[in-house]
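J.: next come a sequence and a model predicted from it.
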Amino acid sequence: MSGDGVNEWNGFELPPRPPLPAPATDAPIRKIGMPPGMEPALDTVPSSDHGIPVPVARPEFGLAPKPFAPQPTAADQPAPATAPTPVAKSIGNPRLELPDGSVLPLGEGLIVGRDPQHQEGYGVTARARLHDVERSVSKTHAILGVADGRVWVLDLNSTNGTVLIAADGTETLCAPEVATPLLANTAVRFGEYRVQVVFD
């Protein structure tokens, strides 16, 4: 290109450029709509493969004073100064019955999950792997044990929750990190994995 404004290439003059087309003023504006079943305010597509959640009762129990501590025996009790102190009723042979027929003792507490890891602060060291083919059980799902003469279960913020199933079929969802007492012969569902809690 020379300095006088003439377009050249290798000494040859280039033809003038064609003018740009004028913008159309009467062209219709096309908009792309939302896919069927999707709301503009949402950024996800609704799924129909999930069932409607079933409401379950919330527990009304607070934290256990000392979750899953071994129960004191009469020999461990200090001699009363005046009137005898009432001792919590002892639980006889608390155990967890698995679907395959295995029986796991709960007297010293038990951490359950697909691959349970040790949890500080609960005084429980025994661990039990639950063989859940549906993988609805979390790696470290819950803790079971005995405290204050009762059997307790404590959900460890599991993905699919812990649900208690009474004899009449009533279901109670365990609040995470809240020790919930169990009645005798109560069924417990860790995700979709159901076990039975039995004690005398």
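T.: Received it, and whenever you're ready, just let me know what you need.
J.: so residue 150 makes contact with residue 181?
T.: Yes. Using C-beta atoms under 8 Å, residue 150 is in contact with residue 181, at 4.5 Å. C-betas here are computed from N, CA, C, even on glycine.
J.: the more surrounded of these two?
T.: residue 150 (19 against 16; other C-beta atoms under 10 Å).
J.: identify the bridge partners of the more buried one.
T.: For residue 150, the beta-bridge assignment (DSSP bridges) gives partners residue 147.
J.: per-residue pLDDT of it, please?
T.: With respect to pLDDT, residue 150 scores 88.
J.: end-to-end on stretch 126-140?
T.: Using C-alpha to C-alpha, to the nearest Å, the end-to-end distance of stretch 126-140 comes to 12 Å.
J.: cool, and stretch 119-138?
T.: Stretch 119-138: ends 14 Å apart by C-alpha to C-alpha.
J.: what mean pLDDT does it have?
T.: Mean predicted lDDT for stretch 119-138 stands at 91.
J.: buried set for it?
T.: Under the neighbour-count criterion of 16 or more other C-beta atoms under 10 Å, stretch 119-138 has 119, 122-124, 126-128, 130, 132, 136-138 buried.
J.: tell me where the protein has strands.
T.: Assigned by DSSP state E, the chain shows strands spanning 8-9, 12-13, 95-97, 103-105, 110-113, 127-129, 142-147, 150-155, 162-165, 171-173, 180-182, 186-190, 193-198.
J.: quick check: which helices or strands does the lowest-mean-pLDDT helix or strand in the chain pack against?
T.: One helix or strand of the chain scores below all others by mean pLDDT, DSSP states H and E: strand 8-9, with a mean of 78. Strand 8-9 sits against no helix or strand, with contacts defined as 3 or more C-beta pairs under 8 Å, 6 or more residues apart in numbering; DSSP states H and E.
J.: and that strand, which strands flank it?
T.: Strand 8-9 sits in its sheet next to strand 12-13 (antiparallel), going by DSSP bridges.
J.: and the partner strand, what's its mean pLDDT?
T.: Per-residue scores along strand 12-13 average to 81.
J.: contacts only, for the nearest residue to residue 106 once chain neighbours are set aside.
T.: Leaving aside its chain neighbours, residue 106 sits nearest to residue 94 (4.1 Å; criterion: C-beta to C-beta, 6 or more residues apart in numbering). Residue 94 makes contact with 105-107, 146, 151, 197-199 under the criterion C-beta atoms under 8 Å, 6 or more residues apart in numbering.
J.: mind redoing it with 10 Å?
T.: If you count contacts by C-beta atoms under 10 Å, 6 or more residues apart in numbering, residue 94 has them with 104-110, 144-146, 150-152, 182, 184, 197-200.
J.: residues in contact with residue 176?
T.: Per C-beta under 10 Å, 6+ apart, neighbours of residue 176: 142, 154-158, 161-162.
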